[in-house]
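Model the following, please.
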Amino acid sequence: MLKKRTVFILGAGASTPYGLPASLGLRDAICDSIRRGEAYNDVARLFHPDVAGNLNGFAQDLLDSGISIDEWLGRNVQDKNYRYLGQFLISRTLCRLENPTAFGTAYGQGKDWYGTLWRKLKPKTIEGLQDLNAVFVTFNYDRSLEQALMTMARATFKGAAEKTYEECAMSIPIIHVHGQLGRLPWQRNLDGSPSREYGPSDNAELVLQCGSKLHFIGDKAAEDVFEVAKAHLRKAEEIHFVGFGFHPTNLRRLHVDNLGTHDIYGTSVGLGYRDCENLSKGTNVFGKQVNLHPERVETYIHNMVDGWDD
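Prediction:
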């Protein structure tokens, strides 16, 4: 377990070592699939002909906006056709990129921060998963973290009952503030989400169901989840922003100006000079200095997160 009550806030950069795209990368992958005509047949079969007929217009508007698809859909919530199409295209793209072999690839490249974190958490028994002193608040839709933790738990503690694995893994607080791409088969069905194995899927109907559970800025469902996240942040002794872009809207939604005396750390890979300079000052949106580190995520976790056995 960790020495302090720790909340990890995960942005898109936390999932990129495992083959998932960052925010603008997701936007570009969706638009590329539309340009190449790869998404048309699925959209034509699942949506109204007018939606399929405007697929290229959707892609052009998204590109012209210059922002991520998540932010763009959040600003256009009144356009239901764009919303449902966007949910489906996000789900379609990411469901095809979830790859169980990516964990081994990341390890071979020295980028497997999930493995490094597991060694910091270091539960002594499978039941130790219920007391890790760690909470994860993720802005990502993919389930790579859950899959990695369950895979490592099964490999570390052989021979436990299946129900024990499931109950202990489910006890790790992982909060997807914008929803997730369906539940893994071992996860309890709390919100009607479809069950889907971790791995690439081109089942359009299943992908559509998974996409329907994704949330955007302004959604009531998203705001309810943010309340849960904020409750954990208020109890934290240490907060780590991992692969996070520090978008002002997301920071305001987390109420980072109300974090008290908590120690706040984060990775700075991909941030601009001015962003880093602003975050290093006590006059930023946090009202205090954020301790930024330029290392890649795996190195950051190794150096900055304290486990009891370090």
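
okay, CA-based contacts and neighbour counts for the rest of this
Noted.

Please determine how far Ile217 is located from Thr249.
As judged by Cα to Cα, to the nearest Å, Ile217 and Thr249 stand 9 Å apart.

out of the two, which sits in the more crowded spot?
Ile217 (21 against 11; other Cα atoms under 10 Å).

From His215, how far out is the residue lying closest to the more buried one once chain neighbours are set aside?
Distance criterion Cα to Cα, 6 or more residues apart in numbering; nearest residue to Ile217, sequence neighbours excluded, is Gly74 at 4.6 Å. The gap separating Gly74 from His215 is 9 Å, by Cα to Cα.

Of these two, which one has the most company?
His215 (24 against 16).

Mind pulling up the pLDDT for the more buried one?
His215 is assigned 90 on the pLDDT scale.

What number of residues are in the vicinity of Thr267?
For Thr267, the count of nearby residues is 26 (other Cα under 10 Å).

For it, give me its contacts.
Phe241, Val242, Gly243, Phe244, Leu292, His293, Pro294, Glu295, Arg296, Val297, Tyr300 (Cα atoms under 8 Å, 6 or more residues apart in numbering).

And the helix or strand in which Asn56 is found, how far out from the chain middle?
Asn56 is part of helix 55-65 when elements are defined by DSSP states H and E. Remark: helix 55-65 is offset 24 Å from the chain centroid, using Cα atoms, centre = their mean, to the nearest Å.

same question, stretch 63-75
Put simply, stretch 63-75 sits 18 Å off its chain's centre (Cα atoms, centre = their mean).

Extract the C-alpha set from it and format it as PDB.
This file holds the C-alpha atoms of stretch 63-75, laid out as PDB (Å, rounded to 0.1, in the frame of the first residue of the first chain):
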ATOM      1  CA  LEU A  63     -11.300  19.400 -37.400                       C
ATOM      2  CA  ASP A  64     -12.100  23.100 -37.900                       C
ATOM      3  CA  SER A  65     -12.900  23.500 -34.200                       C
ATOM      4  CA  GLY A  66      -9.200  22.900 -33.400                       C
ATOM      5  CA  ILE A  67     -10.200  21.200 -30.100                       C
ATOM      6  CA  SER A  68     -10.600  17.600 -28.800                       C
ATOM      7  CA  ILE A  69     -13.700  15.700 -29.700                       C
ATOM      8  CA  ASP A  70     -14.700  15.500 -26.000                       C
ATOM      9  CA  GLU A  71     -14.600  19.200 -25.600                       C
ATOM     10  CA  TRP A  72     -16.300  19.800 -28.900                       C
ATOM     11  CA  LEU A  73     -19.200  17.500 -28.100                       C
ATOM     12  CA  GLY A  74     -19.500  19.100 -24.700                       C
ATOM     13  CA  ARG A  75     -20.000  22.500 -26.400                       C
END
